[in-house]
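Colleague: sequence first, then the predicted structure:
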Amino acid sequence: MKVYNFTLVALLASLAIGFYGCEGRPERKKLPDFFSLEGWEDTPLPKADKVPFYLSDTTITEGGKFASFLSITMADPMYDSVAVHMAESYQPFASILIEKWAKEKKKGILIDLRTTTGSNIQRADFLLKKSLPDNPNFKIPIIFIWDPSSSYRYDYFVNALASMPDIKCSLVSESRQVEGVGRNDCFSPVQPDFDQE
């Protein structure tokens, strides 16, 4: 037993002497001292100059009744091709998206292409028709509004819409507001006139 104890002590002593000669662990990295928030500067997030598309829910009058529309504002013409390419990329899923739209109980889509607010607003109403299992005559009204400086954009979007084979959209009406005549703001509520026939 004494031989066993001596061998164990000798082995431990040789290990201790061997490890003493080895290089130790590297020094641990430390964070800089932090005393207060006064000198703290947060890294700013990158900011976009303009949002290319602005989505909101709006209520507009249609035939004297209030209707809930999804409003898509695209004031910057620089992103028009992006919008068309996005629509083309979602085209294979059009049936699924239209069915989902029907379940959300929204009335239609308003696409605002105006670059400035003011008078001389032009408007075109389209009707997207789709036969759904629950509703064979399902329709989504699509309204475009634009100003004279963005009329070429309206033509661009209508041509892009017509070039999509799976989407059947028909023009219902197209009107131009003459300055001083008609409504200046299509979003303000209008009370229905029950005396008209």
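Modeller: Received the coordinates, thanks.
Colleague: how about low-confidence regions in this structure?
Modeller: In the predicted model, the chain carries pLDDT under 70 at residues 1-5, 14-26, 31-51, 119, 132, 165-167, 176-197.
Colleague: what's the burial count for residue 144?
Modeller: 21 (other CB atoms under 10 Å). Quick note: C-beta positions are derived from backbone N, CA and C, even for glycine.
Colleague: meant to ask about residue 142, not that
Modeller: 20.
Colleague: for it, give me phi and psi.
Modeller: Dihedral angles of residue 142 (phi, psi; degrees, to the nearest 10) stand at phi -120, psi 120.
Colleague: bridging residues for it?
Modeller: Beta-bridge partners recorded for residue 142 (DSSP bridges): residue 109, residue 126.
Colleague: what segments of this protein are helices?
Modeller: 2-20, 80-89, 94-103, 151-162 (DSSP state H).
Colleague: what is the third one packed up against?
Modeller: The reference is to helix 94-103. strand 122-130, strand 138-146 (3 or more CB pairs under 8 Å, 6 or more residues apart in numbering; DSSP states H and E).
Colleague: which of those strands sits closest to residue 112?
Modeller: strand 138-146 (5.4 Å; CB to CB).
Colleague: in CSV, list the C-alpha atoms belonging to that closest one.
Modeller: Provided in CSV are the C-alpha atoms of strand 138-146 (Å, rounded to 0.1, in the frame of the first residue of the first chain):
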residue,chain,number,x,y,z
PHE,A,138,-67.6,37.9,-56.5
LYS,A,139,-66.4,41.4,-57.5
ILE,A,140,-63.7,43.7,-56.2
PRO,A,141,-64.0,47.4,-57.1
ILE,A,142,-60.6,48.9,-57.9
ILE,A,143,-60.5,52.7,-58.0
PHE,A,144,-57.5,54.6,-59.5
ILE,A,145,-57.1,58.3,-58.7
TRP,A,146,-54.4,60.5,-60.2
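Colleague: now that strand against helix 151-162, angle please.
Modeller: Inter-element angle recorded for strand 138-146 and helix 151-162: 160 degrees (by axes from the mean of the first three to the mean of the last three CA atoms, to 10 degrees).
Colleague: okay, buried residues for strand 138-146 please.
Modeller: By neighbour count with 16 or more other CB atoms under 10 Å, strand 138-146 contains the buried residues 138, 140-146.
Colleague: and stretch 155-172, by the same measure?
Modeller: Of all the residues in stretch 155-172, those buried under the rule 16+ other CB under 10 Å are 156-158, 160-161.
Colleague: what's the end-to-end length of that stretch?
Modeller: 16 Å (CA to CA, to the nearest Å).
Colleague: closest one to residue 174 among the helices of the chain?
Modeller: Nearest to residue 174 among these is helix 151-162; the distance by CB to CB comes to 9.6 Å.
Colleague: contacts for the closest one?
Modeller: 74, 77, 80, 83-84, 87-88, 111, 113, 122, 124, 126, 144, 146, 167, 169 (CB atoms under 8 Å, 6 or more residues apart in numbering).
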